[in-house]
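> Give me a model of this one.
(2 chains)
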Amino acid sequence: AQTVTQSQPEMSVQEAETVTLSCTYDTSESDYYLFWYKQPPSRQMILVIRQEAYKQQNATENRFSVNFQKAAKSFSLKISDSQLGDAAMYFCAYRRGETSGSRLTFGEGTQLTVNP
Amino acid sequence: EPEVTQTPSHQVTQMGQEVILRCVPISNHLYFYWYRQILGQKVEFLVSFYNNEISEKSEIFDDQFSVERPDGSNFTLKIRSTKLEDSAMYFCASRQAGGLGPTQYFGPGTRLTVL
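So this is what the prediction gives:
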């Protein structure tokens, strides 16, 4: 079974600084997707970024980028120029490639605090 | 921008009662999902639904749970006889089919409180 591990229950960063959230996963599949979702206090799950396993290039969305290390099964999220609105719980998630269903498997989450 | 909607936002019920949680997925999406998140814990998969049938379910999704797409827009989760441990946030998600849509988009959630 696939597992996702986030080893940092809590992280903090100063406003305008950069922070990296860690995620590792375990799978025997070669085709899969990885995601970072943000969950603010409202508890809505908001997609931050997606990475396809077949792509060597790391995904980037504005201030958010990932460091995808396929051999090491590592998928970290870097937030640059942190803003107060980035404060939230961040979940790393995994899903297999194009098969029926394709559930998301989530990590335990990292609570990010942004200090002014 | 299209979004997944869920009603109600908060449901309070007595143990043993039946509840129905409702979701309206994004209109051109074909895969639908329910997840739950017990307070302070990670998000857990319950069930996926495609082409009017369950395509995958977790061990959590026992006979007390059922899903239905009663019409062309709604997707529901029914819990037949609620237990205290069913108290959680329930999220609906949807995605497009095939290579067009690996991303699941989540609704705002329904907070279920079982007393």
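
> hang on, A:A16 packs against A:I79?
No. Using Cβ atoms under 8 Å, A:A16 is not in contact with A:I79; the gap is 11.0 Å. All C-beta spots, glycine's among them, are computed from the backbone N, C-alpha and C.

> Looking at those two, which is more packed in?
For A:A16 versus A:I79, neighbours defined as other Cβ atoms under 10 Å in any protein chain shown are more numerous around A:I79 (23 against 11).

> Could you check how far the more buried one is from chain B?
Distance, A:I79 to chain B, using Cβ to the nearest Cβ, to the nearest Å: 19 Å.

> And chain B, is stretch A:46-63 touching that?
Yes. Applying Cβ under 8 Å from any Cβ of the partner chain, one finds stretch A:46-63 in contact with chain B at A:46-47, A:50, A:52.

> contacting residues for the spatially most central residue of chain B?
Centrality entry for chain B: nearest residue to the mean C-alpha point is B:W34, 3.0 Å, by Cα atoms, centre = their mean. Going by Cβ atoms under 8 Å, 6 or more residues apart in numbering or on different chains, B:W34 touches B:21, B:23, B:46-47, B:67, B:77, B:90-93.

> With distance to A:Q111, pLDDT and secondary structure added, can I get the residues of stretch A:46-63 next to chain B in TSV?
Shown next, in TSV, are those (distance: Cβ to Cβ, whole Å; pLDDT from 0 to 100; DSSP: H, G, I helix; E, B strand; the rest coil):
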residue	distance to A:Q111	pLDDT	secondary structure
A:I46	15	93	strand
A:L47	18	94	strand
A:R50	22	95	strand
A:E52	27	92	strand
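
> ok, of those residues, which one's closest to B:M15?
Using Cβ to Cβ, A:I46 comes nearest to B:M15 of these, at 32.5 Å.

> is it true that that closest one touches A:F35?
No. Counting by Cβ under 8 Å, A:I46 stays clear of A:F35, with 10.9 Å between them.

> Neighbour count: these two, which is higher?
Using other Cβ under 10 Å, the more surrounded residue of A:I46 and A:F35 is A:F35, with 23 against 13.

> Sweet, I'm off.
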